[in-house]
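**Student:** Turn this into a model:
(one chain, ligands or ions: 1)
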Amino acid sequence: MWCSRMALRRLQRIAVTPLNITGGLTSNMQREMSTLPRVYVTRQIPPEGLKILRESGQVQFELWDSDDPVPRQELLQRVKGVDGLLCVLTEKIDAELLDAAGPNLKVLSTMSVGFDHLSLEELKKRGIRIGYTPEVLTDAVAELTVAVLLATSRRLIEATDEAKTGGWGTWRTLWLCGYELANSTVGILGLGRIGVAIAERLAPFKVKKFIYTDMEPRPELASAINAEYVSLDELAKQSDFLAVCCALTPETKEICNKELFSKMKNTSIFINTSRGGVVNQEDLYEALSTGQIAGAGLDVTVPEPLPTNHPLFTLKNCVILPHIASASYTTRNAMSALAANNLLRGLRGEPMIKELKL
Ligand SMILES: O=C(O)C(=O)CO
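**Tutor:** Below you'll find the predicted structure:
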């Protein structure tokens, strides 16, 4: 038995490629392999997750062995008949894809905390269980949010550009002045684990007050950071720094629009590390270019990548990052491992570590 498990693992390693390489296998190995649930992995995921899948002896999996997304047509072909699917946030999991996969598909595991790329209704209709990766990325996202907030409010990108390109003439009294966190009011739109983690990191900068808004008050989370629940209007009016931390849902789509920006102070800084879709980007451009608000730091946009000729790139008071909030080696490996474990548990019919209940 031990021997045959070893052989199986060897076979699983061989199958880790977009090509189905099955040469050199004994018919016994092929038979044993063919009874295992079939899984498609849509991307080269960090090594911890792959190791878990390989060493499980529980699945046969095929991987899109690339750092770039699998082309849609290829994906539609590859998912045919699979029992499980492990995807990342660039794959649209909709009716077309689920139809292509067919009725064997029972478990979907996304290596992301966000799930706006999943058609929840279609998944629910088909009884497909969903794993996702909250919590393991909270620290990395909160850390990056603080970084982009400071880069925006203290104009770090502009400043290094000036220093490099000869704009640094002499010390000037108001040159490259920005806004301090000390004595400020920080507003959080959508208070969850990430919002709390951001506030915990900002508090030592001597923030005066934390406020937040959400669908409803969240006293348990709010008490950890002494945050006051306010309406969306008040959040816009009072915040010196407004950090968006909500999920993208039909309710939050473009919730940050002309109406919100028009209520913000001319000195306030807008930060978004959640999803680009929560912002109306034309309205944000208008607010930034007319001085309605002082600056914006964005880790997420619509679309991604944002075309290099997009008007937002022309603004000095807009710092744009290429969706890197969770991009630390530790966190991406933890996400990969959690996604793999969610998938394996789901396929065994056990509760997942992090399951999205529909
Ligand atoms: O996990 C997610 O949803 C991300 O956006 C990764 O940073």
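**Student:** Checking E228 next. Helix, strand or coil?
**Tutor:** strand (DSSP: H, G, I helix; E, B strand; the rest coil).
**Student:** Hmm, it is touching Y212, no?
**Tutor:** Yes: counting by CB atoms under 8 Å, E228 does reach Y212; the two are 7.5 Å apart. C-beta coordinates here come from the backbone N, C-alpha and C atoms, glycine included.
**Student:** shared neighbours, the two?
**Tutor:** By the contact definition CB atoms under 8 Å, 6 or more residues apart in numbering, E228 and Y212 are jointly contacted by A222.
**Student:** Between the two, which is the more surrounded one?
**Tutor:** More neighbours surround Y212 than the other of E228 and Y212, with 27 against 15 (other CB atoms under 10 Å).
**Student:** ok now the helix or strand that contains L149, how far from the chain's centre?
**Tutor:** Under DSSP states H and E, the secondary-structure element containing L149 is helix 138-153. Relative to its chain's centre, helix 138-153 lies at 14 Å (CA atoms, centre = their mean, to the nearest Å).
**Student:** try stretch 99-107
**Tutor:** That offset, for stretch 99-107, works out to 25 Å (CA atoms, centre = their mean).
**Student:** Which pLDDT value does the model give N341?
**Tutor:** Looking at N341, its pLDDT reads 98.
**Student:** for it, what are its contacts?
**Tutor:** By CB under 8 Å, 6+ apart, N341 lies in contact with I52, M352, I353.
**Student:** My read is that the last one contacts G131, right?
**Tutor:** This means I353. Yes: the pair I353 / G131 is scored as a contact, 7.5 Å apart, by CB under 8 Å.
**Student:** Neighbour count: those two, which is higher?
**Tutor:** Neighbour count, other CB under 10 Å: between I353 and G131, G131 has more, with 25 against 18.
**Student:** Was I right to think that one contacts P351?
**Tutor:** No: the pair G131 / P351 is not scored as a contact, 10.2 Å apart, by CB under 8 Å.
**Student:** what is in contact with the two at once?
**Tutor:** Any residue near both G131 and P351 by CB under 8 Å, 6+ apart counts here, and that gives R345.
**Student:** List, one by one, the residues from this structure near the ligand.
**Tutor:** L89, S112, V113, G114, L137, A325, S326 (CB under 6 Å from any ligand atom).
**Student:** buried subset of those?
**Tutor:** Neighbour counting over the residues of the chain next to the ligand (16 or more other CB atoms under 10 Å) leaves L89, S112, V113, G114, L137, A325, S326 as the buried ones.
**Student:** can you give me the helices in the stretch 51-200 of the chain?
**Tutor:** For the stretch 51-200 of the chain, applying DSSP state H, counting those that start in this stretch gives helices covering 72-78, 95-101, 120-125, 138-153, 156-164, 193-202.
**Student:** Same list (the residues of the chain next to the ligand) but as JSON lines, adding pLDDT.
**Tutor:** Below are the residues of the chain next to the ligand laid out as JSON lines (pLDDT from 0 to 100):
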{"residue": "L89", "pLDDT": "98"}
{"residue": "S112", "pLDDT": "98"}
{"residue": "V113", "pLDDT": "98"}
{"residue": "G114", "pLDDT": "97"}
{"residue": "L137", "pLDDT": "98"}
{"residue": "A325", "pLDDT": "98"}
{"residue": "S326", "pLDDT": "98"}
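**Student:** just curious, which of these is nearest to W168?
**Tutor:** Distance to W168, by CB to CB, is smallest for A325 among the residues of the chain next to the ligand, at 30.5 Å.
**Student:** list the contacts for that closest one?
**Tutor:** A325 is in contact with L137, A140, V141, L144, T145, T273, D299, V300, counting by CB under 8 Å, 6+ apart.
**Student:** Residues in contact with both of I353 and G131, list them for me.
**Tutor:** Counting by CB under 8 Å, 6+ apart, the contacts common to I353 and G131 are L338, N342, R345.
**Student:** need the contact list for the second one.
**Tutor:** Read that as N342. Contact analysis of N342 by CB under 8 Å, 6+ apart lists S109, G131, Y132, T133, M352, I353, K354, E355.
**Student:** does it count as helix, strand or coil?
**Tutor:** helix.
**Student:** Give me the subset of the residues of the chain next to the ligand lying in strands.
**Tutor:** Among the residues of the chain next to the ligand, none falls in strands (DSSP state E).
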